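**Student:** output the structure for:
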Amino acid sequence: MALDPALDEIVKSNPMLVRLFRALPIAPACDLHQRLQAGRTDPETRTLLRKALALSQQGRAAT
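**Tutor:** Numbering: from 1, shown residues only. As a prediction, this is how the structure comes out:
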């Protein structure tokens with residue numbers, strides 16, 4: 001159980017998103033989240049998303 005009840009709700013709803021955003025440092029994670037929420041599809045957003053996906057896959061392989 002996490003210390004933050006809001007995080008518990010996120011984990012219940014979509015553990016894949018939690019793994020994706022936990023793979024990034026907080027600033028890039030926030031930036032990526034804002035970009036995705038705004039519907040941005042520019043090359044920089046795509047690069048950030050690819051990086052996050054790659055890092056989350058590395059973390060998954062380590063567990």
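**Student:** centroid-nearest residue for the protein?
**Tutor:** Taking C-alpha atoms, centre = their mean, the centroid of the chain lies closest to Phe21, which sits 2.0 Å from it.
**Student:** can I assume it is in contact with Leu49?
**Tutor:** No. Using C-beta atoms under 8 Å, Phe21 is not in contact with Leu49, being 11.0 Å away. (Each C-beta comes from the backbone N, C-alpha and C, glycine too.)
**Student:** quick check: neighbours shared by those two?
**Tutor:** The overlap between the contact sets of Phe21 and Leu49 (C-beta atoms under 8 Å, 6 or more residues apart in numbering) consists of Leu32.
**Student:** leaving out the residues flanking it, which one is nearest to the residue nearest to the centre of the chain?
**Tutor:** Ala29 (4.6 Å; C-beta to C-beta, 6 or more residues apart in numbering).
**Student:** tell me where the model's unsure across the chain.
**Tutor:** For the chain, the stretches with pLDDT under 70 are 1-13, 59-63.
**Student:** measure Asp42 to Leu36 for me?
**Tutor:** 12 Å (C-beta to C-beta, to the nearest Å).
**Student:** more neighbours, the two?
**Tutor:** Taking other C-beta atoms under 10 Å, Asp42 and Leu36 do not tie; Leu36 has more neighbours (14 against 9).
**Student:** before we move on, which element is the more buried one in?
**Tutor:** helix 26-37 (DSSP states H and E).
**Student:** tell me the buried residues in that helix?
**Tutor:** Neighbour counts using 16 or more other C-beta atoms under 10 Å place Ala29, Leu32, His33, Arg35 of helix 26-37 among the buried residues.
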